[in-house]
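J.: how would this look folded up:
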Amino acid sequence: MSREQLVVERARRAFQTGMSKPLKFRVHQLKNLHRFITERRKDIADAVNKDLNKTEHSTELFETLGLEGEIDVAVERLAEWAAPRPVEKSLLTILDEVYIQPEPLGVVLIIGAWNYPWAVTLQPLVAAIAAGTVVENVMEVVLCVNNARVMNNLA
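T.: Down below sits the predicted model:
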């Protein structure tokens with residue numbers, strides 16, 4: 001089995017345990033991600049500077065501030081997003097309780113970009129965690145070695 005197949009299989013097994021489904025778990029993961037970004041802000045800025053020669057101010061403005069805001073929104077609205085939504089009844093369903101129940105579907109692969117490694121990689125991660133999926137995150141290590149090193153501490 002190839003490395004990629006092993007990664008996907010491991011993620012599928014993790015999803016099948018159901019551990020990513022409860023809202024409490026998702027909120028906890030999102031808060032952990034927020035805390036990581038907050039606590040490692042200097043490490044993130046240093047890595048972006050070493051790999052891409054961007055300033056600390058630029059990193060905060062274009063990489064981390066938007067992420068923190070997105071996480072805050074996801075934590076605040078997650079219960080609403082995951083709640084059943086009633087739908088219009090038809091003649092066939094007039095006696096039934098009819099609704100759409102959002103459910104996690106499986107595994108997500110995120111392939112990061114080198115030019116904005118934190119925003120472009122972790123913004124989809126926020127959505128994937130909120131959706132209750134299991135995420136495999138692949139960072140372009142060749143171009144952003146320092147960013148990959150810091151980001152690997154998320155796992």
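J.: In which helix or strand does the spatially most central residue of the chain reside?
T.: In the chain, the centroid-proximal residue (C-alpha atoms, centre = their mean) is Leu125; its distance is 1.6 Å. Assigning secondary structure by DSSP states H and E places Leu125 in helix 117-131.
J.: Which other helices and strands does that helix contact?
T.: helix 23-39, helix 41-52, helix 65-82, strand 107-111, strand 134-138, helix 145-151 (3 or more C-beta pairs under 8 Å, 6 or more residues apart in numbering; DSSP states H and E). For the C-beta atoms, the positions are set from N, CA and C on the backbone; glycine is no exception.
J.: Against Ala128, how distant is the closest residue to Val8 other than its chain neighbours?
T.: Of all residues not flanking Val8 in the chain, Val107 sits nearest, at 6.6 Å (C-beta to C-beta, 6 or more residues apart in numbering). Distance, Val107 to Ala128, using C-beta to C-beta, to the nearest Å: 9 Å.
J.: can you list contacts of stretch 77-87?
T.: Applying C-beta atoms under 8 Å, 6 or more residues apart in numbering, the external contacts of stretch 77-87 come out as 23, 26-27, 30, 98-102, 130, 132.
J.: For those, which two are the farthest from each other?
T.: Farthest pair in these (C-beta to C-beta) is Leu30 and Val98. Separation: 30.5 Å.
J.: Which one's more surrounded, the two?
T.: The neighbour comparison of Leu30 against Val98 (other C-beta atoms under 10 Å) goes to Leu30, with 20 against 14.
J.: Looks like that one contacts Val126 (just checking).
T.: Yes: counting by C-beta atoms under 8 Å, Leu30 does reach Val126; the two are 6.8 Å apart.
J.: what is in contact with these two at once?
T.: By C-beta under 8 Å, 6+ apart, Leu30 and Val126 have these common neighbours: 71, 74.
J.: residues in contact with the closest residue to Leu67 other than its chain neighbours?
T.: The shortest distance from Leu67 to any non-neighbouring residue, by C-beta to C-beta, 6+ apart, is to Leu122 (5.4 Å). The contact partners of Leu122, by C-beta under 8 Å, 6+ apart, come to 33, 37, 67.
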